[in-house]
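Asks: Just need the structure, nothing else, for what follows:
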Amino acid sequence: MLISMKSKRTQKLPLAPALVRGLDILEDMHAQIDDQSVSAVAERLTLPVNSTLRLLMTLEHKGYVERDRDSLKYRLTHKAASLALNGVREQSLLEASLPLMRTLRDESGETVLLSIIEHGMGIVLEQIQSLHIFRFVCNPGACHALHAAAPAKAILAHLPKDERERLLDGYVFKSFTANTITCRRKFDVELNRSRKLGYWEDHAEEFDGICCVAAPIFNCNGYPIAAVTVTGPTSRMGSDEMKKYGALVAKCTSDISKRMGYGLLDS
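Replies: Below is the predicted model:
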């Protein structure tokens, strides 16, 4: 009797019918092998064709399905799966990175950041604060420009060419300080030059008085998924320090990349 009462109460919860139907469509398409027509989806779920079309168009607008231009049939994209995988990957990345980031902070004494590129901008995932009283603090979730921050440069330099071009096509190289690179040609030269060093620099290009060195983290497929940065005030980040910390951060990210499976597919 108690189970029956709970079941009845659950059924009376205020649900959103359109959302339920949309999720039903996603689950149904996930079970299919081939692309699906609107009428086929509607028939299997006993839904009106017009309503099914509107729901599929909405899902397409949000990026969960895509429509073939020739057949006009729909297929699932990878977006739904990426919602779950991103959380898993981020947690795995944090677990692999944090111990080595703490070691890097102890070696350099400066703030160490873990960043990714998402939605056309750099985003800080985590920080290990400097040991100094006067230190740079950057809370998780903070954003940084692609062209003016060392971690974004490190990731961009190793992205597949077509993906890098897509990110930089029409990109506005906004000036933040007197040192900001505001020309695409000079920016490309900077990316290529730093490849030889193994780390990328930010000479107070986004914030006056703040310098950074960063290197990329690679996953098992050799894709640059993130970057680690040593960040501090210009008074403590001269050319000698930048060179020293650059080597340290490159060693740090190499070790993290190995933890993420980089190089295993080659062995």
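Asks: what residue ranges in this structure score low on pLDDT?
Replies: Residues of the chain meeting the criterion pLDDT under 70: 1-13, 78-91, 264-267.
Asks: let's see it at 50
Replies: 1-10, 84-85, 88, 267 (pLDDT under 50).
Asks: what sits up against the host helix or strand of Lys251?
Replies: Using DSSP states H and E, the element containing Lys251 is helix 239-259. Contact partners of helix 239-259, identified using CB atoms under 8 Å, 6 or more residues apart in numbering, comprise 96-97, 100-101, 103-104, 107-108, 110, 197-199, 201, 211, 213-219, 227-230, 232, 237, 263. C-beta: built from backbone N, CA, C; applies to glycine.
Asks: May I see the PyMOL selection of the buried members of the residues you listed?
Replies: In PyMOL, this line selects whichever of these come out buried by 16 or more other CB atoms under 10 Å:
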select buried, resi 96+97+100+101+103+104+107+108+110+198+199+201+211+213+214+215+216+217+218+219+227+228+229+230+232+237
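Asks: ranges for the strands of the chain?
Replies: All strands of the chain, identified by DSSP state E, fall at 65-67, 74-76, 111-118, 121-128, 143-144, 200-203, 210-218, 224-233.
Asks: partners of the fourth one, with directions?
Replies: Here the strand partners of strand 121-128, with direction, are listed using DSSP bridges: strand 111-118 (antiparallel), strand 143-144 (antiparallel).
Asks: And the longest one, by the same measure?
Replies: Strands flanking strand 224-233 in the sheet, each with its direction: strand 111-118 (antiparallel), strand 210-218 (antiparallel) (DSSP bridges).
Asks: so it versus helix 239-259, what angle?
Replies: 150 degrees (axes from the mean of the first three to the mean of the last three CA atoms, to 10 degrees).
Asks: Give me the distance from stretch 18-30 to the chain's centre.
Replies: Offset of stretch 18-30 from its chain centre (CA atoms, centre = their mean, to the nearest Å): 27 Å.
Asks: go on, stretch 144-160?
Replies: The answer for stretch 144-160 is 12 Å, by CA atoms, centre = their mean.
Asks: ok, back up a step: how about a markdown table for the strands of the chain, with distance to Ala31 added?
Replies: Formatted as a markdown table, these follow (distance: least, CB to CB, whole Å):
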| stretch | distance to Ala31 |
| --- | --- |
| strand 65-67 | 14 |
| strand 74-76 | 10 |
| strand 111-118 | 30 |
| strand 121-128 | 35 |
| strand 143-144 | 39 |
| strand 200-203 | 45 |
| strand 210-218 | 35 |
| strand 224-233 | 31 |
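Asks: Between those strands, which one is closest to Asp28.
Replies: strand 74-76 (10.2 Å; CB to CB).
Asks: Sort out which residues of the closest one are buried, please.
Replies: Buried residues in strand 74-76 (16+ other CB under 10 Å): Tyr74, Leu76.
Asks: What of stretch 189-207?
Replies: 190-191, 194, 198-207.
Asks: Check stretch 136-148 too.
Replies: Residues of stretch 136-148 classed as buried under the neighbour-count rule (16+ other CB under 10 Å) are Phe136, Cys138, His144, Ala145, Leu146, His147, Ala148.
Asks: try stretch 16-28
Replies: Using 16+ other CB under 10 Å as the test for burial, stretch 16-28 gives Gly22, Ile25.
Asks: and for it, what are the contacting residues?
Replies: Residues outside stretch 16-28 that contact it (CB under 8 Å, 6+ apart): 41, 44-45, 47, 51-52, 55-56, 58-59, 64-65, 76, 80.
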